[in-house]
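Trainee: Model the following, please.
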Amino acid sequence: MIHGLTGTPNELRFVARGLKAAGFEAECVRLAGHCGTEADLLATGWKDWYASVEEAAEELRKRVKYLFVGGLSMGAVLAMQYAIENPDKVDGLGLYGTTFFYDGWNIPWIWRNRNLISLLVPFVALGLGRGKRFMETSPFGLKNERLRQAISARMLAGDSEAAGLPGNPWPSLEQFYRLSAYVQKNLHRIHAPAIAVHAREDDVASLRNVHLIERRLRGPVETLILADSYHMVTVDQEKAALVERSVDFFSRLVARKSIRAKRETPDSSLS
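Mentor: Reported below is the predicted structural model:
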């Protein structure tokens, strides 16, 4: 399970516990440069974040028969990146609040304008905007008011290990857009089955993000649209429904693969 940009593994803890209760192994990776200072994040790029995913996935593969990779927001994009680069190692994907574009209803127009972003990214790569950041604002991806207050208080107080950073540095956003562009171009290489969960009223990433998955992935995609959540679907008001559907999805994949494996195994009684 992979968290989002400037986020923390806590974003996936509830999902991981639900999967473990259903009999799965579950690990929440911490991406390079995260859960520390802004300087720590700026010292890394998307290839470093992806290296964290590779390391965690390879370690988990030693303990499991089937490997499923999931993530929230940018974490879902990194999960698909792993499936693109390792098609024979991924048995299924859990894509939660997938973010290729920051185009939700609470995002300032400059970050929703794709043409402007495509012009801005090369200049940021050359050093423009260092020291600048896109600051998150209420509702911080959370429709649950009590949870929103608790998490935003810790985030704004500087507790990045528990709640992440309150802003996205421009150079890190530039790295995110490079990752997003690469994965978008290669979505057709993903044949693993996927479950895509997205909030209808996602304040960070609109439904256009999940529709892109539905159109371009070559494997089957099951979609769950939540009516009472915002962007942080793995911790928001309908997280239990997300876990229930995810457990059902991955369990069905295991059952199908087990049946297929039995059919392909020669009957030892005939030897």
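
Trainee: what's the weakest-modelled helix or strand in the chain?
Mentor: helix 114-125 (a mean of 63; mean pLDDT, DSSP states H and E).

Trainee: Could you identify the helix or strand that succeeds it?
Mentor: Sequence-wise, the next helix or strand downstream of helix 114-125 (DSSP states H and E) is strand 133-135.

Trainee: mind checking pLDDT for the closest residue to residue 44 other than its chain neighbours?
Mentor: Leaving out its chain neighbours, the residue that sits closest to residue 44 by C-beta to C-beta, 6 or more residues apart in numbering is residue 33, at 3.3 Å. (Glycine included, C-beta is placed from N, CA and C.) According to the prediction, residue 33 has pLDDT 97.

Trainee: In contact with residue 33, which residues are there?
Mentor: Neighbour list for residue 33: 40-44, 48-49 [criterion: C-beta atoms under 8 Å, 6 or more residues apart in numbering].

Trainee: for whichever strand or helix holds residue 197, packing partners?
Mentor: Assigned by DSSP H and E, residue 197 falls within strand 194-199. Secondary-structure packing of strand 194-199 (3 or more C-beta pairs under 8 Å, 6 or more residues apart in numbering; DSSP states H and E): strand 92-96, helix 208-216, strand 221-226, helix 239-264.

Trainee: Correct me if wrong: residue 182 contacts residue 81.
Mentor: Yes. Counting by C-beta atoms under 8 Å, residue 182 touches residue 81, with 7.4 Å between them.

Trainee: So for these two, which sits in the more crowded spot?
Mentor: More crowded of residue 182 and residue 81, by other C-beta atoms under 10 Å: residue 81, with 25 against 14.

Trainee: so where's the stretch 1-150 of the chain shaky on pLDDT?
Mentor: Across the stretch 1-150 of the chain, the ranges flagged by pLDDT under 70 are 111-131.

Trainee: what residues are up against the closest residue to residue 249 other than its chain neighbours?
Mentor: Once flanking residues are discounted, residue 249 sits nearest to residue 195: 4.4 Å by C-beta to C-beta, 6+ apart. For residue 195, the contacting residues are 92-95, 221-224, 245-246, 249, taking C-beta under 8 Å, 6+ apart as the criterion.

Trainee: now, which of those sits nearest residue 54?
Mentor: Closest to residue 54 out of the contacts of residue 195 is residue 93 (15.5 Å), distances taken as C-beta to C-beta.
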